[in-house]
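**Q** Below are the sequence and a predicted model; questions follow.
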Amino acid sequence: MHAIIYGIKHGVKSGKNNVLYCVGNGEMSVTLNSLEALQDFVRQPASLLYFAGEGCNVCTALYPKVEELLYQEFPRMGLGRVECGEHPDICAQHRVFSVPTLVVLFDGHESQRFVRNISIGELRQALQRPYRLLFEEQ
């Protein structure tokens, strides 16, 4: 897990546990390519799983906005992306039947789920309080 967090914060590219680290324009995200990688990823205190599909215009348009929101306002929250077309088993196991689906986890437990029609303002509002409670005291 520490390797994942270190990789996210420092832009390290690695194939360990089938995790690909992507860094671009100062924003960081992780592409999760296996169930094991996803399980390792959600062990961090705060994470957001972004389930997307190939050819999904909403997924393509929304992802950079979510990435920017986390980078600017919730920097200690990990962002993991799962491509449902490439990994339908991971999506099915997490009850993802429509894309985009965003699953917010705090301490490994699902806190919120957003499906298809997602507002960045609503996402921001949903993250603010639990994020602040988790990280303000540290």
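**A** Sure thing, it's come through.

**Q** Show the low-confidence segments of this structure, by residue range.
**A** Within the chain, the ranges that satisfy pLDDT under 70 run 1-28, 137-138.

**Q** Which residue ranges of it form helices?
**A** 2-10, 35-41, 57-73, 88-93, 120-135 (DSSP state H).

**Q** Turn those helices into TSV, including distance to Ser111.
**A** In short, each C-beta sits where N, CA and C put it, glycine included. Formatted as TSV, those follow (distance: least, Cβ to Cβ, whole Å):
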stretch	distance to Ser111
helix 2-10	19
helix 35-41	15
helix 57-73	14
helix 88-93	18
helix 120-135	6
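
**Q** okay, those, which one's buried deepest?
**A** helix 35-41 (a mean of 18; mean count of other Cβ atoms under 10 Å).

**Q** for the helices of the chain, which one sits closest to Leu48?
**A** Between Leu48 and the helices of the chain, the shortest gap by Cβ to Cβ is with helix 57-73, which sits at 6.6 Å.

**Q** wait, which of the helices of the chain is closest to Pro100?
**A** helix 57-73 (4.5 Å).

**Q** The closest one to helix 120-135, inter-axis angle?
**A** In terms of direction (axes from the mean of the first three to the mean of the last three Cα atoms, to 10 degrees), helix 57-73 departs from helix 120-135 by 40 degrees.

**Q** Please put the alpha-carbon coordinates of helix 57-73 into PDB.
**A** C-alpha atoms of helix 57-73 as PDB (Å, rounded to 0.1, in the frame of the first residue of the first chain):
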ATOM      1  CA  ASN A  57     -18.400  10.500 -23.700                       C
ATOM      2  CA  VAL A  58     -19.600  11.400 -20.200                       C
ATOM      3  CA  CYS A  59     -16.700   9.300 -18.700                       C
ATOM      4  CA  THR A  60     -14.200  11.100 -20.900                       C
ATOM      5  CA  ALA A  61     -15.500  14.600 -20.100                       C
ATOM      6  CA  LEU A  62     -16.100  14.000 -16.400                       C
ATOM      7  CA  TYR A  63     -12.800  12.300 -15.500                       C
ATOM      8  CA  PRO A  64     -10.500  15.400 -15.800                       C
ATOM      9  CA  LYS A  65     -12.900  17.400 -13.700                       C
ATOM     10  CA  VAL A  66     -12.900  14.800 -10.900                       C
ATOM     11  CA  GLU A  67      -9.100  14.500 -11.100                       C
ATOM     12  CA  GLU A  68      -8.800  18.300 -10.800                       C
ATOM     13  CA  LEU A  69     -11.200  18.500  -7.900                       C
ATOM     14  CA  LEU A  70      -9.300  15.900  -5.900                       C
ATOM     15  CA  TYR A  71      -5.900  17.400  -6.800                       C
ATOM     16  CA  GLN A  72      -7.000  20.900  -5.800                       C
ATOM     17  CA  GLU A  73      -9.300  20.300  -2.800                       C
END
